[in-house]
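In: Let me see the structure of the following:
(one chain, ligands or ions: 1)
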Amino acid sequence: MTTTADLLKKKCRHQDSALNDAQVQDYLAILPDWQLQEGRVTRTFNFKNYYETLAFVNAIAYMIHAEDHHPILSVAYNRCTVKYHTHSVNAGNGGLSENDFICAAKVDAVFAGSYDGAHS
Ligand SMILES: C[C@H](O)[C@H](O)[C@H]1CNC2=NC(N)=NC(=O)C2=N1
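Out: Numbers count the residues shown, from 1 in each chain. Predicted structure coming up:
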């Protein structure tokens, strides 16, 4: 059974095939703060003010760049919603892959202050 610790040790890699519904549910079970909304793995993070919201956006941008796996971000005064899906699967039609859950776990680690940087 995959754990969040397993996900944190992984690195995103190119994916061609999407996860099936059962696999998606297994990953969601280990990331309880994330929901599946409109086919995207989604979580909203709340902050005290705009400065802290942007600090979070910049912090996850470092991880996002290191993983080369990009979410849709919506940024408001005191919250940021992160939505992940994988463009490359299903012949470019998109879907969910393990990369989405690797990055969700790493976003949580950044938010918790426990992200230990990109590994080569
Ligand atoms: C060439 C580049 O590595 C690919 O286009 C990456 C970039 N970032 C990506 N981000 C997401 N969310 N899905 C992808 O399939 C993806 N592919």
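In: okay, residue 113: pLDDT?
Out: Here, the pLDDT recorded for residue 113 equals 89.
In: Report the central residue of this protein.
Out: residue 104 (2.7 Å; CA atoms, centre = their mean).
In: Output whatever helix or strand that residue lives in as CSV, nothing but the C-alphas.
Out: According to DSSP states H and E, residue 104 maps onto helix 98-112. C-alpha atoms of helix 98-112 as CSV (Å, rounded to 0.1, in the frame of the first residue of the first chain):
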residue,chain,number,x,y,z
GLU,A,98,0.7,9.2,-10.0
ASN,A,99,2.4,12.6,-10.8
ASP,A,100,-0.6,14.4,-9.5
PHE,A,101,-0.5,12.6,-6.2
ILE,A,102,3.3,12.9,-5.9
CYS,A,103,2.9,16.7,-6.3
ALA,A,104,-0.1,16.9,-3.9
ALA,A,105,1.9,15.2,-1.2
LYS,A,106,4.8,17.6,-1.9
VAL,A,107,2.5,20.7,-1.8
ASP,A,108,1.3,19.4,1.6
ALA,A,109,4.9,19.1,2.7
VAL,A,110,5.7,22.7,1.6
PHE,A,111,2.6,23.9,3.4
ALA,A,112,3.6,22.0,6.6
